[in-house]
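Asker: Next one to model:
(3 chains)
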Amino acid sequence: MTAPVAAPAGPKMITLTIEGRTVSVPEGTSILEASKLVGVLVPHYCYHPGLPVAGVCRMCLVEVEKAPKLAPACATSVMEGNVVHVHSPKALDARKGVLEMLLINHPLDCPICDQAGECELQDYTFQEGRADSRYQEPKRFNPVEDFGGDVLYVPNRCILCTRCVRFMDAVAEEPVLCVSERGDRAVISKFEGDDLTHAWAGNVVDLCPVGALLSKDFLNKARAWELDRAASICPNCTQGCNSVLEVRDNTVVRMKPRPNEDVNQFYLCDTGRLDYRWLNRPDRAEQPMVRMHDALDRVEWEAAIAAAAALITGAKVHVVAAPTLSNEALFLLERIITGQGGTGRFAVETGPEAPLAGVHDLSLRAERAANVRGAELLGFVKGDDPLAGLTSEHVLIVADHDVDRLDPVALRRAKALIVIGTALDAPLAHADVVLPIANMAEEEGSFTNLRGRVQRFFQAKAAPGMARPSWFVLADLAAACGAATPTWAPAEVFAQLARTHAHFDGMTWAGLGLKGALPASAEATA
Amino acid sequence: MSHGPSASGGALARAPHAHDDTPHEPVFVGDRAKDLDAILLKYPTKMAALLPALWIVQEARGWVSEGGMAEVARVLDLTPAYVKGVVSFYTMYHQHPVGKYFVQVCTTTPCNVCGAEDVVNAFLQHTRCGELGATSADGRFTVIEVECLGACGFATPVMINSDFLESVTPDTVPDILAELT
Amino acid sequence: MGYPHQSHPREAVVLSKYFGDAEARTLAGWKARGGYQALEQALGMAPADIVTIVKDSGLRGRGGAGFPTGIKWSFMKPGDGKPHYLCCNADESEPGTFKDREIMRWTPHALVEGCAIGAYAIGAETAYIYIRGEFTEPLEWMNKAVKEAYAAGILGPNAMGTGKRVDVHVHKGAGAYICGEETALMNSLEGRRGNPRIKPPFPAVAGLFGKPTTINNVETLVAAAQIVKQGAAWYKQWGRADNPKSTGTKLFSVCGNIARPGNYEVPMGFPFKDFLWELCGGPLPGRTIKAVIPGGSSVPIITAEEAEGALMDYEGFVAAGTMLGSGGVIVFDDAQNMVKQIARLARFYAHESCAQCSQCREGTAWTTRILERIRDGQGTMEDLDTLLSIGESMTGKTICVLSDSCAVPVSSGIAKFRHEFEALIPKSRHRVAVSAGAA
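Answerer: Numbers count the residues shown, from 1 in each chain, chains lettered A, B, ... in the order given. Next up is the predicted model:
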């Protein structure tokens, strides 16, 4: 007998037994959601926690004692004293029947299907479906259709779960998809000329439980089982959508949303998800360099750090830091600025906003960098001209900001130029020291989103050459300048940050976990 | 999109809506706009007027084109895709042009046992449509099988446009067609 | 008066009394036949009292499910501050059924009156009559009747001068059998695809436009009007003495291979044998009756022998292994091939499946394909097992019962006419009996 599982407190609690495990859940909870709490997955297709319940796939049928018929777990609310059997012979039989029906017209083309390996039709069939098919008739055929945007529709694999239709209707609030025709002629359809160009339309590909909706961007790129995955944060705007970076052969091949009820629910916008190629750019700064005479020479890290520290010591600094840097990197830069005197500035690219209508406070934000809020909290000043106020007294530190976007004339005002960056830009020729760093996919760190939520991202791939994580490089530099005590891990940097900056007060690296944290003050008012 | 073998296929499965490049002449002008306004008064939501609005389009144009769907979507604050989903659900809306006389012969079981298939064949033969769902060369006729028309005691019921004929037999088909201008 | 035949003396002609009487179609004609007295009476009563009378009468839903009408009406809580709606289900599409069509064609005002009474009884100011689009003539008569009723002040903000508001609107369907399912009907009326909804919530809680709603069949509402006028006891005079669960008269539509097809109104519990042979004239000359589907195509097929012993009420047909359903009697004679006709029925359901539930969308089509293959002489014995097995997958597992309805004629057909299936299966494909010793 398993101990009862405690569930979050609700208005009225209902106690029931699922697969022999007792659970108390708030009134109105579905059997399917209650089952999750006791670790029982009820197989399902049409149900998705972010969408209105449809109850059409009939896959989640479970046996409820004393009920006359099997109940769809997604659409059936728990009742006091329910005894639910998910894996009873009756329930298994029903699901086997559904699986057989879903496969009769399916082309069974897993070997050439992008969804293979992450396909719920494949998974459940393997788990509890029939080994053979009794279907002997000709299969239905409909051609592949380009839905526009990033989406391709393969109707032969479609199980008509309508998740895509419901997403566009209830979440995007722009019903450009429909079920067309009826009976076994039914297909998902759109209106001629009205493409899936909505800024969040790409989510229908993630929502599709089978290989019917595919990403054109990801088409034939990789098999699901070849991918390494790391929890990340979308770096492409200030919303801070939780994401997963999927990597094959040290190359990011896809970015998908990672659920976070408080930030992005289950979604990622098309702009965000498709803007990952820069994480793979090949023209990278791979080795520290120091100006010797008139040219940049490749040197060991110790020599480069020492050279940079020598330039900084005794001088004022002007830091141009991109808001793409982690809180940890920005914090260490802030230590150097505080230690030496000087200013920190940043500029941020902007673009049109694109809210997702059906989700509160979720939008592609105008500011297209992940850590604008973090930079501001750490004292960096936002402005169009990040070189404003730069004089010949300053050593200019350009951190992760494209040097070629800075005014080359203004740049020369600086006493010296230290570039801490990822790319091998032509203007690096002006630099006195170049410190190559990892990009956000190659290191771990944290970002602060526009609502002040601090969220961690994890390393997804290896950095090229001798490039080091930004926190590592800056921890060494700050220590060498006497601006900070040495630190050996991002957690230690964050601990220092949390001690010194009110916004981060009380937060711990471990405590941020996979969902992040809001400052205590915001939690209290929330 | 073409459809492969379908159980209820053959003639019953209609070709999906035809793509029509001719500019759409608005339907909801003048009296038809007033008719729609009167219909809207009957319901608490605009969406509820969708089926009636589509009927107005079909009565005016003989079928519901993409342009018609888009116009209905506009006047009822819906999206064209939503309207398409609804149009394609209901078999009475024509998603492509049909003959001047649209002949629907009930062949569901109760009529089938009374010889409805012979009635279908008689219509196909005398209208020179050749096959179910096709329009005759002169554009006058389209003949389809229809599912139960709800007049099973009067086998075989046949609808020609909105005229409802009872007790049609193969023998009466020529006379019926002769009366059509 | 009967239609299209003369009424038989053994009929109990209440609802069909004016079938074939063209004058009954007009407001004046209807009033001359006692029309709208029931509505006038009802509007003078407390709605709860109307519900009680209907409850006491034992009237049950005539659309197919047979749910007690008064109890259904009592689910509508008066004074909850929300608009209530009455939907009249005139989407009569169940193969074999054509009774509501005749009610609307001949006595449209009877339905207007029934709707008005029903609406008032459940606290609704608006009733919608959802009529299938193919019923062009009933639509015409109903529209005319509603217009007349408004012009005469019977309907509107001051119905019959009582100060009470009763609106009745006619809504035209567009070709979808499934819209006869009550929740699909509501979706269709709202301008959606006619997809059945998951229950709960039940219509009485959240129905049309999300508001408390009652859906009643045409015949039910017309009968309710008569009950209000003449009393529960009057209605209960019809029915078997030993079966108080089925009361009143019932319209049966008869079609297929029968001498006198048409609508017949008989007391509940009428002997089916007398009905088929005496009232309907039995089989066509030189033929014998082989099978009967007594309640619309969704109820089990029974053999002629089983039919002869049945009594025509809800319980009587259940005892005979089938159901009363919508009262659409389909008769098959010995000239018919049951496989062909069952395949044709399956094709109907495949055509009408709304496409929501997996088992129904795929299963109705699969069933049809197998049956048509057997019909064409390409079947195997295993196909019969497969048919029964997928029928099992399609039964009791979907949102509505269309899927079940497709499986019903298949399973009952194979059970009762297996020899006809086997006769179509090539001998080479018959299962070879393996003798015990061979193993």
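Asker: So which bits of the strand or helix carrying A:Phe126 are buried?
Answerer: A:Phe126 belongs to helix A:120-128 when assigned by DSSP states H and E. Neighbour-count burial for helix A:120-128, counted by 16 or more other CB atoms under 10 Å in any protein chain shown, picks out A:Glu120, A:Leu121, A:Gln122, A:Tyr124, A:Thr125. Every C-beta, even on glycine, is put in place using the N, C-alpha and C of the backbone.
Asker: which is the next helix or strand following that helix?
Answerer: strand A:145-148.
Asker: That next one packs against which elements?
Answerer: Contact here means 3 or more CB pairs under 8 Å, 6 or more residues apart in numbering or on different chains; DSSP states H and E; on that basis strand A:145-148 packs against strand A:151-153.
Asker: Neighbouring strands of the strand it packs on in the sheet, and parallel or not?
Answerer: Next to strand A:151-153 in the sheet, as set by DSSP bridges, lie strand A:145-148 (antiparallel), strand A:213-215 (antiparallel).
Asker: What residues of stretch A:213-233 count as buried?
Answerer: Buried-residue list, stretch A:213-233, by 16+ other CB under 10 Å: A:Leu213, A:Leu214, A:Ser215, A:Asp217, A:Phe218, A:Ala222, A:Leu227, A:Ala230, A:Ala231, A:Ser232, A:Ile233.
Asker: Next, the fifth one: phi, psi?
Answerer: Meaning A:Phe218. When read as degrees, to the nearest 10, the backbone of A:Phe218 gives phi -90, psi 0.
Asker: before we move on, what about the one 4 residues further on?
Answerer: Here the main-chain torsion angles of A:Ala222 (degrees, to the nearest 10) amount to phi -160, psi 160.
Asker: now the strands paired with strand A:151-153 as TSV including mean pLDDT?
Answerer: Output for the strands paired with strand A:151-153, formatted as TSV (pLDDT from 0 to 100):
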stretch	mean pLDDT
strand A:145-148	96
strand A:213-215	98
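Asker: Redo those strands as JSON lines? Include distance to C:Phe417.
Answerer: Formatted as JSON lines, the strands paired with strand A:151-153 follow (distance: least, CB to CB, whole Å):
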{"stretch": "strand A:145-148", "distance to C:Phe417": "44"}
{"stretch": "strand A:213-215", "distance to C:Phe417": "45"}
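Asker: low-scoring stretches of chain B, by residue?
Answerer: B:1-20 (pLDDT under 70).
Asker: what's the distance between the residue in chain B sticking out farthest from the centre and chain A?
Answerer: When distances to the mean C-alpha position of chain B are computed (CA atoms, centre = their mean), the maximum falls on B:Pro44, with 27.9 Å. According to CB to the nearest CB, to the nearest Å, B:Pro44 stands 20 Å off from chain A.
Asker: distance between the biggest helix by length in chain C and the chain's centre?
Answerer: Assignment by DSSP state H gives helix C:402-424 as the longest helix of chain C. Centroid separation between helix C:402-424 and its chain, computed with CA atoms, centre = their mean, to the nearest Å, is 22 Å.
Asker: what about C:Ala204, neighbour count?
Answerer: 18 (other CB atoms under 10 Å in any protein chain shown).
Asker: so A:Gly149 touches A:His198, yeah?
Answerer: Yes. With contacts counted by CB atoms under 8 Å, A:Gly149 reaches A:His198, the gap being 7.3 Å.
Asker: now the residue in chain B positioned nearest to chain A, nearest residue through space, not along the chain?
Answerer: Chain A sits closest to B:Gly85 of chain B, with a gap of 2.9 Å, by CB to the nearest CB. Leaving out its chain neighbours, the residue that sits closest to B:Gly85 by CB to CB, 6 or more residues apart in numbering or on different chains is A:Cys178, at 2.9 Å.
Asker: Most proximal residue of chain C with respect to chain A?
Answerer: Closest point on chain C to chain A, by CB to the nearest CB, is C:Ser393, at 3.0 Å.
Asker: how many neighbours does that residue have?
Answerer: C:Ser393 sits with 26 neighbouring residues when counted by other CB under 10 Å.
Asker: A:Leu51 too?
Answerer: 21.
Asker: which stretches of the stretch 351-500 of chain A have low pLDDT?
Answerer: Along the stretch 351-500 of chain A, segments meeting pLDDT under 70 span A:426-427.
Asker: Low-confidence ranges, the chain, go.
Answerer: All of this is about chain A. Using pLDDT under 70, chain A drops low at A:1-10, A:426-427, A:522-526.
Asker: That was the other one, I meant chain C.
Answerer: Under the criterion pLDDT under 70, the flagged ranges of chain C are C:1-2, C:431-439.
Asker: So in it, which strand runs the longest?
Answerer: If you go by DSSP state E, chain C has its longest strand at strand C:249-256.
Asker: returning to that earlier point: how far away is the residue of chain C closest to chain A from C:Ile198?
Answerer: Here C:Ser393 is placed at a distance of 19 Å from C:Ile198 (CB to CB, to the nearest Å).
Asker: Same check on A:Pro43?
Answerer: On the measure of CB to CB, A:Pro43 and C:Ile198 end up 18 Å apart.
Asker: before we move on, back to that, among the buried residues of helix A:120-128, which one lies nearest to C:Ile103?
Answerer: A:Leu121 (48.0 Å; CB to CB).
Asker: residues in contact with the closest one?
Answerer: Contact analysis of A:Leu121 by CB atoms under 8 Å, 6 or more residues apart in numbering or on different chains lists A:Tyr45, A:Leu99, A:Leu102, A:Leu103, A:His106, A:Arg157, A:Ile159, A:Pro209, A:Val210, A:Gly211.
Asker: Next, check those against the helices and list the overlap.
Answerer: Applying DSSP H to those, the entries found in helices are A:Leu99, A:Leu102, A:Leu103.
Asker: Contact residues of the stretch 201-350 of chain C facing chain B?
Answerer: Residues of the stretch 201-350 of chain C lying near chain B by CB under 8 Å from any CB of the partner chain: C:209, C:253-257, C:261-263, C:297, C:328, C:330, C:332-333, C:336, C:340-341, C:344-348, C:350.
Asker: give me the beta-bridge partners of the closest residue to A:Val38 other than its chain neighbours?
Answerer: Leaving aside its chain neighbours, A:Val38 sits nearest to A:Arg21 (4.1 Å; criterion: CB to CB, 6+ apart). Bridge pairing for A:Arg21 (DSSP bridges) gives the partners A:Ile18.
Asker: All set, thanks.
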